[in-house]
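**Student:** The sequence isn't on hand, but the structure is:
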């Protein structure tokens, strides 16, 4: 998602280590976590955009997220149950 977000802003990004994420049980977490790489000239701008991406936890790529009333996880609007704890989405008057 971060790679796509950067690319929509015109920054070419590359994901490294995504193939290792399936091997998480056999490698230290730092070794199995994918990373997003950008070129040096785009680095400062990319850092700002990534910070904005994670700071903006109420919206993702134009979709309004809902927050699980049980565990607090943010979920995309098409889901009716929380993937993290299984709790059902609570409907509000404006839905």
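**Tutor:** Looks like it arrived, so ask away. Every value quoted in this text rests on a predicted model; they were computed, and no experiment measured them.

**Student:** So residue 17 is in contact with residue 36, correct?
**Tutor:** No - the criterion here is C-beta atoms under 8 Å, and residue 17 misses it with residue 36 at 9.8 Å. (Each C-beta comes from the backbone N, C-alpha and C, glycine too.)

**Student:** Give me the more crowded residue out of the two.
**Tutor:** Neighbours per residue (other C-beta atoms under 10 Å) separate residue 17 from residue 36, with residue 36 holding more: 18 against 15.

**Student:** and that one, that's in a helix?
**Tutor:** No - the assignment for residue 36, made by DSSP: H, G, I helix; E, B strand; the rest coil, is strand rather than a helix.

**Student:** how about it, what does it touch?
**Tutor:** By C-beta atoms under 8 Å, 6 or more residues apart in numbering, the residues touching residue 36 are 2, 3, 6, 13, 14, 15, 16, 50.

**Student:** Kindly indicate which of the residues you listed lies nearest residue 89.
**Tutor:** Distance to residue 89, by C-beta to C-beta, is smallest for residue 2 among those, at 25.7 Å.

**Student:** Could I get the phi/psi values of that closest one?
**Tutor:** Reported as degrees, to the nearest 10, the phi and psi values for residue 2 are phi -60, psi -40.

**Student:** Check the gap between the residue lying closest to it once chain neighbours are set aside and residue 64 for me.
**Tutor:** Closest residue to residue 2 apart from its sequence neighbours, by C-beta to C-beta, 6 or more residues apart in numbering: residue 36 at 5.0 Å. As for residue 36, its distance to residue 64 is 25 Å (criterion: C-beta to C-beta, to the nearest Å).
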